[in-house]
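A.B. asks: Next input, structure requested:
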Amino acid sequence: MTILAIDTSNNALGVAILENEKVLGEYITNLNKNHSIRIMPAIQTLMNDCERTPSDLTKIVVAKGPGSYTGVRIGVTIAKTLAWTLNIPLVGVSSLEVLASGVGRYFNGLVSPLFDARRGQVYTGLYQFEDGQLVIVEKDSLVMIEDWVEKLKITSTPILFVGNDVELHYNVIHQTMGSQAVFASITEKNPRPSELALLGKNKQGEDIHSFVPNYIRLAEAEAKWLEAKGIK
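C.D. replies: Numbers count the residues shown, from 1 in each chain. Okay, the predicted model is just below:
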């Protein structure tokens, strides 16, 4: 099995090739640059360096959101196109799940991956490893950070916060939760595309034509258009 994983759902752009039980290669950048221009050259470079061709691929795994609307669309569109063209399975994995998987395996507590959604809101969820498997404790959602940390405080369980946007909300988290809050190191904040590949390895392929990103909420422009039309 040779899996190509693609993640353009946030600032961090990542691609990886997982073959059987080995990560053949992985490419990650955390730059505020146009993913639509950079993702295909990144895939091509990784494929060339790993001496693999598109015909060698047996599955495509993509981070399906939440995150940047444009970024999520880019990754999903490319993943769908590749899977359809190569006639191989397509699997989508939560972008937040990828973050949680990268740090939670050896943490004795709960993991809250986090992406900023502006105006005091965050995309987040709650995860935990049980018997070596990542399980969802609270499904991904869009919440106010103040409400989220108040809810987590009640658990009295250590919570590991991870993501490049955590620092934007550090004061609120720390002031509310104190030592209950644990913060990932800078080397753990980027979602690993190899983790994405591993999470999707044993998942069943989805229908390519009906597969859609998980935005969690409407894009702001679409929401305003619906509001103006009186549609709820």
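A.B. asks: max-length strand in this structure?
C.D. replies: Identified as the longest strand of the chain according to DSSP state E is strand 133-144.
A.B. asks: packing partners for the helix or strand following that one?
C.D. replies: Toward the C-terminal end, the helix or strand that comes next after strand 133-144 (DSSP states H and E) is helix 145-153. With contacts taken as 3 or more C-beta pairs under 8 Å, 6 or more residues apart in numbering; DSSP states H and E, helix 145-153 sits against strand 110-116, strand 121-130, helix 170-177. (C-beta placed from N, C-alpha, C; glycine too.)
A.B. asks: Just the C-alpha atoms of the helix or strand following helix 145-153, please, in PDB.
C.D. replies: Per DSSP H and E, the first helix or strand lying C-terminal to helix 145-153 is strand 159-162. What follows is strand 159-162, C-alpha atoms only, in PDB (Å, rounded to 0.1, in the frame of the first residue of the first chain):
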ATOM      1  CA  ILE A 159      -5.700  19.200  28.700                       C
ATOM      2  CA  LEU A 160      -3.000  19.500  26.000                       C
ATOM      3  CA  PHE A 161      -3.600  22.400  23.600                       C
ATOM      4  CA  VAL A 162      -1.900  22.100  20.200                       C
END
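A.B. asks: Of the helices and strands packed on helix 145-153, give the one that comes closest to Asn20.
C.D. replies: Asn20 lies closest, by C-beta to C-beta, to one member of the helices and strands packed on helix 145-153: strand 121-130, at 22.7 Å.
A.B. asks: List the contacts of that closest one.
C.D. replies: With contact meaning C-beta atoms under 8 Å, 6 or more residues apart in numbering, strand 121-130 is reached by 66-67, 94, 96-97, 100-101, 104-105, 107, 109-117, 134-145, 148, 152, 165, 169, 216.
A.B. asks: Now do the buried residues in stretch 154-172.
C.D. replies: Using 16 or more other C-beta atoms under 10 Å as the test for burial, stretch 154-172 gives Ile159, Leu160, Phe161, Val162, Gly163, Asn164, Asp165, Val166, His169, Val172.
A.B. asks: domain assignment for this structure?
C.D. replies: Domains of the chain are assigned by automatic domain parsing as 2-95+192-227, 96-188.
A.B. asks: Redo these as CSV? Include mean pLDDT.
C.D. replies: Shown next, in CSV, are the domains of the chain (pLDDT from 0 to 100):
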stretch, mean pLDDT
domain 2-95+192-227, 93
domain 96-188, 96
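A.B. asks: Quick check, central residue of this protein?
C.D. replies: Nearest residue to the geometric centre of the chain (C-alpha atoms, centre = their mean): Ser95, 1.5 Å.
A.B. asks: Determine the set of other helices and strands touching the lengthiest helix in the chain.
C.D. replies: Determined from DSSP state H, the single longest helix within the chain is helix 69-86. Judged by 3+ C-beta pairs under 8 Å, 6+ apart, helix 69-86 is in contact with strand 2-7, helix 35-49, strand 59-63, strand 90-93.
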